[in-house]
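Trainee: Sequence and predicted structure, then a few things I'm wondering about:
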Amino acid sequence: MSAGIDLDNVCCDFGKFRAVDHVNVNIQPGEFFSFLGPSGCGKTTILRMISGFTEPTEGVIRIGGKDVRGQRPNQRPTALIFQNLALFPLMPIWENIAFGLEVRGVDKAKRRARAEELLALVDLHDSADKMVSQLSGGQKQRVAIARALAVEPAVMLLDEPLSALDLKLRQHMRAELRAIQKRTGVTFIYITHDQGEALAMSDRVGVMSQGRLQQVANPRDIYNNPVNGFVASFVGENNIFTGDVQNAADGMASFATPTGTFRARLPGAAGKLYVRPEHMVLQATAGAENSVAVTLTEVAFEGNFVSVHGVTEGGKDMVAELRNDGSAPIPSAGTQMHMVFEARNAAILPDSATAGA
């Protein structure tokens, strides 16, 4: 069974410091939901409030439609996996997994059987009698997940569980975690500062800054349609222009900057102009609109793409990303070129949300 989570106008204060500021969000049963943001933005505090280790200063948290105020962590249908997995080194793997069942008085034969079921679920079929020291980092992660699932939680809470792993193993474990969540149907709430993790695994992502929820959407919308400059900048890279809006109409506007005047989308309040590097096209000549003359300063090969840096006559740094697919020659540093972008791929966005979303 899985359960939904409702955060209704939730705040959390530590003395005079407000860690979580009027957060409202509805997480559906069986959803993989990630809170994404920099260190100190309040995402771990939200996880601790859901699990019962911290009480909200204001607002209500509901799990499966029930107000959980006053319930201790062991009374809630949640399981929490910390960054430090806290596996027991002197117990074999099956006993680690079945520990919560032992605390509940389940007999040994049933505990062992359940542990072996869960080991099969996380693809560790032959590891029941191994010790923790015999496992790799990724295998330990899967044991921690199996242990949490043993007590049949309705909600799984994961606090940056992959941050200690190397890049290749993190990428592998993303797929593992998503597959486990799909197989079990348990609601996963995932905390991370890594945009790649959040975008790759989640059904929806909530981006946070300074205790406020800036945007909640599916990964594609978070990346392609950020609601403000903070989300645009935190999730991916951007070329950013400051200036003034002119001739706004029908969701489009001209934007006058020291570098030039550009056409762009204007989905809401005015602010700065954002264009992602992959939407910049390098041309020998100027485009019809939205063209910036640059001198290339650096060409960085990064595997599947090439990052091309340039500087305008006024000293503004620009960057374009080119696919490393052999379709076009890669220019060299010192070349005079134009970076061109389409109006539909540029957006004028306010800096950040002024209240919890």
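Mentor: Looks like it arrived, so ask away. Residues are numbered from 1 along each chain as shown.

Trainee: Tell me where the model's unsure across this structure.
Mentor: When residues are selected by pLDDT under 70, those of the chain lie in 353-357.

Trainee: 50 instead, please
Mentor: Along the chain, segments meeting pLDDT under 50 span 355-357.

Trainee: how about the helices in it?
Mentor: Across the chain, reading from the start of the chain, the helices by DSSP state H fall at 43-51, 93-103, 108-121, 137-150, 167-184, 195-201, 219-224, 229-234.

Trainee: Out of those helices, which one sits most buried?
Mentor: Among those, ranked by average contacts under mean count of other Cβ atoms under 10 Å, first place goes to helix 43-51 (a mean of 23). Backbone N, C-alpha and C define where each C-beta goes, glycine included.

Trainee: how distant is that helix from the center of its chain?
Mentor: Average the C-alpha atoms of helix 43-51, do the same for its chain, and the two points are 16 Å apart (Cα atoms, centre = their mean, to the nearest Å).

Trainee: which outside residues touch that helix?
Mentor: Contacting residues not belonging to helix 43-51 are listed as 5, 7, 10, 12, 19-20, 23, 35-37, 54-56, 61, 63, 73, 76, 78, 80, 155, 157, 159-160, 189, 191, 208 [Cβ atoms under 8 Å, 6 or more residues apart in numbering].

Trainee: now the residues you listed: which count as buried?
Mentor: 5, 7, 10, 12, 19-20, 23, 35-37, 54, 56, 61, 63, 76, 78, 80, 155, 157, 159-160, 189, 191, 208 (16 or more other Cβ atoms under 10 Å).

Trainee: so of those, which ones are in strands?
Mentor: Under the assignment DSSP state E, the buried ones among the contacts of helix 43-51 contribute 5, 7, 10, 12, 19-20, 23, 35-36, 61, 63, 78, 80, 155, 157, 159, 189, 191, 208 to strands.

Trainee: so Arg323 sits right up against Phe305, yeah?
Mentor: Yes: taking Cβ atoms under 8 Å as the definition, Arg323 is a contact partner of Phe305 at 5.7 Å.

Trainee: could I get the helices of the chain as a markdown table with distance to Val281?
Mentor: Output for the helices of the chain, formatted as a markdown table (distance: least, Cβ to Cβ, whole Å):
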| stretch | distance to Val281 |
| --- | --- |
| helix 43-51 | 36 |
| helix 93-103 | 53 |
| helix 108-121 | 47 |
| helix 137-150 | 40 |
| helix 167-184 | 29 |
| helix 195-201 | 24 |
| helix 219-224 | 18 |
| helix 229-234 | 20 |
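
Trainee: so which of the ones you listed gets nearest Ala300?
Mentor: Within these, the stretch nearest Ala300 is helix 167-184; the backing value is 17.9 Å (Cβ to Cβ).
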